[in-house]
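>>> Sharing a sequence plus its predicted fold:
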Amino acid sequence: MSLHREFFEASLPRFAVFTTLAISVGGLVEILPMYTAEYDEAAMAHISPYSPLELKGRDIYVREGCYNCHSQMIRPFRSETLRYGPWTRAEEYAYDRPFQLGSRRIGPDLQREGGKYSDDWHYEHMRDPRATSPGSIMPPYPWLLEDSYEVDDVKASVVAMARLGVPYSVQEVANVEYAVMEQSGDIVARLAEKGITTEPDREIIALIAYLQRLGVDGRAFIEENQ
Amino acid sequence: MSSNSALPNYDDAIVKKFIVATLIFGVVGMLVGVILALQLAYWPANLGVPYTTFGRLRPLHTNAVIFAFTGNFIFAGIYYSLQRLLKTRMFNDTLSAIHFWGWQAIIVSAAISLPLGLTQSKEYAELIWPIDIAIAVIWVIFAINFFGTIAIRRVKHLYVAIWFYMSMVITIAVLHIVNNLALPATLTRSYPIYSGLTDGLVQWWYGHNAVGFLLTTPILGLMYYFLPKAAERPVYSYRLSIIHFWALVFLYIWAGPHHLLYSALPDWAQSVGMVFSLMLLAPSWGGMLNGLLTLRGAWDRLRTDPIIKFMAVAVSFYGMSTFEGPLMSIRSVNALSHYTDWTIGHVHSGALGWVGMMCFGMLYWLVPRLWNTRLHSVGWATTHFWLATFGIVFYIVAMWVSGITQGLMWRELNDDGLLAHVNFMDTVVNLIPFYWIRLVGGTMYFTGMLLMCWNFFKTMTSGAPAISEPAPATAK
């Protein structure tokens, strides 16, 4: 004890250095190995980066704080795979920046939301959650049906992601506007078939594109390898 | 007297500023919490506009209570006790002022940006990159002032409270900078340099240790200063304080992966996170015992002195939530508790029970001394204590029941081995009554907070003119 008193308590530098060491070990041991672990190649072959429109949808998902109520992580339990589909593989998150695993399921998990419902279901759900899901406590998001996104803003996201190492080709980075037009046009057309009239530059279109993409790539790989 | 004029006096003006900020942002942060509780019980309370939806307000609540309420309270306690423990004035008054005003500017920018939907979506690290840079700068300024004060100390040894403060100053800087490394895409949006589960692991290393080194170690430091002062008893065990300090700061850092159990994070990392969480029980209870046993010989005052009441209950809640935490980090328990309200209840037994009650105890001791007067009403303080205590009980019991109910319903299978509750909504509608009970508990706690503010307002306005307390002479 007197050793502690003389060695540490009488010396600020010593106390500060040893505290820094003590708090550094755990983080280094746990985080650094993540950079040596490698994704399964066969699985990665199925996982593609988000399209520019989906990336925009993801930005909206983040902006609205959807992660506060919805998780994106299916655990390996029978009760979860029955409810949500095959449990989540690490590769499926490879292009997720920031990650969206969430910490609370006030609403259901969304990791395999893609393809579960139609585009018009999502449109109606965002306009009035209780129209599609009676008893829901989710607030309505009518502004997503009115507000527009800017293609320049989408470009900025794609450029930043490419800089971070997401494998977008030079053409993909150059052709963001065309890719957005094409994908949003398809969604607007599908909505029109259901009698919903909207414009391709509405935020809801980008959000639908993102939600319909969730878990689709991974599901294809898992089903092929069953 | 003339021989004293060469001695430094303490800067208590800065402590008072931090206390006033604590009260203001405590009210704001808790009010937003009450609104969120209402929104879950009654969805129209989202008000139909983007800025007040649950998804945007919840980060405002967490950031406000963690960084604005608790942050300012910690700074107030540190600026008060550090000067006295080291028998010197703060290193530099300008740095103190920059720290104070810079921190408040960051809080205001958070209160504006989060409802606007400007967020990084990492829990308790939602603030966008320009604000993150400001936080790093202000934190470094605080660190210089903190270490500078220790460097010019007029005592030889550093008291245990200062060890805990130091662990916060160092660790929060490391956590904040590493977790927020990101590439800006626009002025208000950035993407992290980590992807997928690595990003998740870095975030929960941050998130868990923000709880550890902002809501735990500095509060323990404040406990080591203010609890012996209030109880007028020496710290129970010096030896125990050494052991539990080093064990706590070393073990805490490892426990982050318990937030990612059953995810696709490598199994070994999940196991390490769980095992270290279990080990964390020992140093946590070391701190609790050292606090409670310091009250030996002062227990009679539990009946009459609201300060002792607040502190004793705070330390008890610390013990309770640091038992519950390791329990919830056990895989099979986590399988049930994760993603449910049990987590929310756990967090609030720590936040309302430990942090909040410790803060109130410290403030009831500090405010009359700093404003050089007596507390306006001890009766109101006692009422505050009971409102807060029963408020917490309502809150956490409602969340236990709601969390375990929903967790069990999610996993319930029928005789055919299929989901008993196929429709997710069936598991939601059951929780609404408990959300109302939680709202009652939260409102009681918030009402107690308002009562304290009014009590302090009356106390402060009746105070005599402040005098600068000189540092005592020391035998060198």
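Ah, there it is.

>>> out of all of them, which helix in chain A is the longest?
Longest helix in chain A by number of residues (criterion: DSSP state H): helix A:12-31.

>>> can you tell me if that helix touches chain B.
Yes: interface with chain B: helix A:12-31 contributes A:12, A:15-16, A:19-20, A:22-27, A:29-31 (Cβ under 8 Å from any Cβ of the partner chain). C-betas here are computed from N, CA, C, even on glycine.

>>> which residues are contacting stretch A:19-38?
Stretch A:19-38 has contacts (Cβ atoms under 8 Å, 6 or more residues apart in numbering or on different chains) with B:163, B:166-167, B:170-171, B:174, B:178, B:197-198, B:201-202, B:205, B:209, B:213, B:246, B:249-254, B:256-257, B:266, B:269, B:272-273, B:276.

>>> go again using 6 Å as the cut-off
For stretch A:19-38, the external contacting residues (Cβ atoms under 6 Å, 6 or more residues apart in numbering or on different chains) are B:166, B:167, B:170, B:171, B:198, B:205, B:249, B:250, B:253, B:254, B:269.

>>> And it, how far out from the chain middle?
Chain-centre distance of stretch A:19-38: 25 Å, with Cα atoms, centre = their mean, to the nearest Å.

>>> What parts of the stretch 151-300 of chain B come near chain A?
Counting by Cβ under 6 Å from any Cβ of the partner chain, the stretch 151-300 of chain B comes close to chain A at B:156-158, B:166-167, B:170-171, B:183, B:185-186, B:191-192, B:195-200, B:205, B:239, B:242, B:249-250, B:253-254, B:262-264, B:269.

>>> Now do the same for stretch B:45-58: mean pLDDT, whole number.
Mean pLDDT, stretch B:45-58: 98.

>>> Kindly apply the preceding question to stretch B:309-323 instead.
Averaged across stretch B:309-323, the pLDDT comes to 98.

>>> buried sites along it?
Using 16 or more other Cβ atoms under 10 Å in any protein chain shown as the test for burial, stretch B:309-323 gives B:309-322.

>>> From chain A, how far off is the residue lying closest to residue B:244 once chain neighbours are set aside?
Leaving aside its sequence neighbours, residue B:244 sits nearest to residue B:286 (Cβ to Cβ, 6 or more residues apart in numbering or on different chains; 3.1 Å). Applying Cβ to the nearest Cβ, to the nearest Å, the value for residue B:286 to chain A is 15 Å.

>>> how many neighbours does residue B:286 have?
19 (other Cβ atoms under 10 Å in any protein chain shown).

>>> ok, the longest helix along chain B near chain A or not?
As assigned by DSSP H, the longest helix anywhere in chain B is helix B:378-411. Yes: looking at helix B:378-411 against chain A by Cβ under 6 Å from any Cβ, the contacts come from B:410, B:411.

>>> Can you name the residues in contact with stretch B:105-124?
Stretch B:105-124 has contacts (Cβ under 6 Å, 6+ apart) with A:62-63, A:67, A:98, B:51, B:56, B:59-60, B:62-63, B:66, B:68, B:126-128, B:131, B:134-135, B:188, B:203, B:207, B:210.

>>> Show the contacting residues for residue B:198.
With Cβ under 6 Å, 6+ apart, residue B:198 has these contacts: residue A:34.

>>> now residue A:208
Going by Cβ under 6 Å, 6+ apart, residue A:208 touches A:119, A:122, A:187.

>>> can I see the domain layout of chain A?
Here the domain parsing of chain A from automatic domain parsing is A:2-35, A:41-224.

>>> Which secondary structure state does residue A:166 sit in?
coil (DSSP: H, G, I helix; E, B strand; the rest coil).

>>> what do you get for residue B:262?
Here residue B:262 takes the coil state, with states given by three-state DSSP.

>>> So it sits against residue A:75, correct?
Yes: counting by Cβ atoms under 6 Å, residue A:75 is a contact partner of residue B:262 at 4.1 Å.

>>> Can you read off the pLDDT for residue 204?
With no chain named, the answer covers chain A. 98.

>>> right idea, wrong chain: chain B
Residue B:204 is given a pLDDT of 97.

>>> where does the stretch 351-476 of chain B have low pLDDT?
B:463-467, B:475-476 (pLDDT under 70).

>>> ranges for the helices of chain A?
A:2-4, A:12-31, A:41-44, A:52-63, A:78-84, A:119-127, A:129-132, A:143-146, A:151-163, A:170-174, A:176-193, A:203-213, A:216-224.

>>> Please apply the same query to the stretch 301-450 of chain B.
B:306-329, B:331-337, B:341-348, B:357-370, B:378-411, B:424-429, B:432-461 (DSSP state H, counting those that start in this stretch).

>>> now swap in the stretch 1-150 of chain B and tell me
Applying DSSP H, counting those that start in this stretch to the stretch 1-150 of chain B gives helices spanning B:13-41, B:54-63, B:71-86, B:93-113, B:129-151.

>>> Count the neighbours of residue 89 for me.
You didn't say which chain, so I picked chain A. For residue A:89, the count of nearby residues is 20 (other Cβ under 10 Å).

>>> meant chain B, my bad for not saying
Residues lying near residue B:89 (other Cβ under 10 Å) number 19.

>>> That one reaches residue B:8, doesn't it?
Yes: under the criterion of Cβ under 6 Å, residue B:89 makes contact with residue B:8 at 4.1 Å.

>>> Which positions in the helix or strand of chain A with the lowest mean pLDDT come out as buried?
Least confident helix or strand of chain A, by mean pLDDT, DSSP states H and E, is helix A:2-4 with a mean of 89. Buried residues in helix A:2-4, defined by neighbour count with 16+ other Cβ under 10 Å: residue A:4.

>>> Give me the contacts around stretch A:116-136.
With Cβ under 6 Å, 6+ apart as the test, stretch A:116-136 has contacts from A:138, A:140-142, A:144-145, A:187, A:190-191, A:194, A:196, A:204, A:208, A:211, B:425, B:429.

>>> out of these, which are buried?
Buried among those (16+ other Cβ under 10 Å): A:138, A:140-141, A:144-145, A:187, A:190-191, A:196, A:204, A:208, A:211, B:425.

>>> Distance to residue B:435 added to those residues, as TSV?
TSV is the format used below for the buried ones among the contacts of stretch A:116-136 (distance: Cβ to Cβ, whole Å):
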residue	distance to residue B:435
A:138	14
A:140	19
A:141	21
A:144	26
A:145	28
A:187	35
A:190	37
A:191	34
A:196	33
A:204	29
A:208	30
A:211	26
B:425	15
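
>>> Out of those, which is nearest to residue B:44?
Nearest to residue B:44 among the buried ones among the contacts of stretch A:116-136: residue A:140, at 9.6 Å, using Cβ to Cβ.

>>> Tell me the residue in chain B that is farthest from the middle.
For chain B, the largest distance from the centre (Cα atoms, centre = their mean) belongs to residue B:416, which lies 46.6 Å off.

>>> For that one, which phi and psi angles does the backbone take?
Residue B:416 adopts backbone torsions of phi -90, psi 0, taken as degrees, to the nearest 10.

>>> Give me the distance between it and chain A.
Using Cβ to the nearest Cβ, residue B:416 is found at 11 Å from chain A.

>>> about what we covered before: deepest-packed of the domains of chain A, please.
Across the domains of chain A, averaging neighbours per residue (mean count of other Cβ atoms under 10 Å in any protein chain shown) puts domain A:41-224 on top, at a mean of 19.
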